[in-house]
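**Q** Got a sequence here, can you model it:
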Amino acid sequence: MLGWALRYLTVVLVLGTGFALLQESGWLKPTTAARAPQPSITGNPTQARSADAAGSDAWEYVVEAEANGHFVIDATVNGVPITFLLDTGASDIVLTLDDARQLGFVPQNLEFSQRFQSANGVVRGAPVRLRELRIGQFSLYDQVASVNEAPLSISLLGMRFLDQLSGYRVEDGRLILRW
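**A** Purely as a prediction, here's the structure:
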């Protein structure tokens, strides 16, 4: 019995030390005392549970801005890793042709029936549905998206994505998504 108790205590101490080191390094952000922060599934972003001013529970996902000030988010779409640029000027979730191919969409079989006004003029898009869009612990299911017909260097998370969150903000070069 004493051997089991010592092993249990050792595991608790190691885990506690690991969380403390993660917090000191900035990988985990301290939140309310009752809830331990959760590590992020992807690279540099952090993810933690927090309570808002009204006391309701919410998840936060924090992404540091790139050197150019843009926010790049690693997601999983239908089980496939896809990198997105957060674009508040885009109305939709938009996939590049290459990302669409990775997800099994065949551009020759898509109907490019949508028209979008972009900085480069009018572009066409093909409507598609995504079974799951996952960022950290946050998942959206059965999402409407578009495949961009014109060359695009990175897929976009536009306002259709942001409108489904409970909130988002930018502060000190960090994007904070809340759900």
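**Q** Mark out where each domain of the protein begins and ends.
**A** 1-30, 34-179 (automatic domain parsing).
**Q** Next SSE downstream of the longest strand seen in the chain?
**A** Longest strand of the chain, by residue count under DSSP state E: strand 121-135. Remark: after strand 121-135, the chain's next helix or strand is strand 138-148, criterion DSSP states H and E.
**Q** rank the domains of the chain by pLDDT, which is bottom?
**A** Per-stretch mean pLDDT for the domains of the chain is lowest at domain 1-30 (a mean of 38).
**Q** Would you map the strands across this structure?
**A** Under DSSP E, the chain gives strands at 46-51, 57-64, 72-77, 80-86, 93-95, 114-118, 121-135, 138-148, 155-157, 167-171, 174-178.
**Q** Make TSV out of the ones you listed and add mean neighbour count and distance to residue 101.
**A** Using the backbone N, CA and C atoms, a C-beta is placed for each residue, glycine as well. TSV is the format used below for the strands of the chain (neighbours: other Cβ atoms under 10 Å; distance: least, Cβ to Cβ, whole Å):
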stretch	mean neighbour count	distance to residue 101
strand 46-51	18	29
strand 57-64	19	26
strand 72-77	20	12
strand 80-86	17	10
strand 93-95	26	9
strand 114-118	13	19
strand 121-135	16	12
strand 138-148	18	9
strand 155-157	24	12
strand 167-171	12	29
strand 174-178	18	27
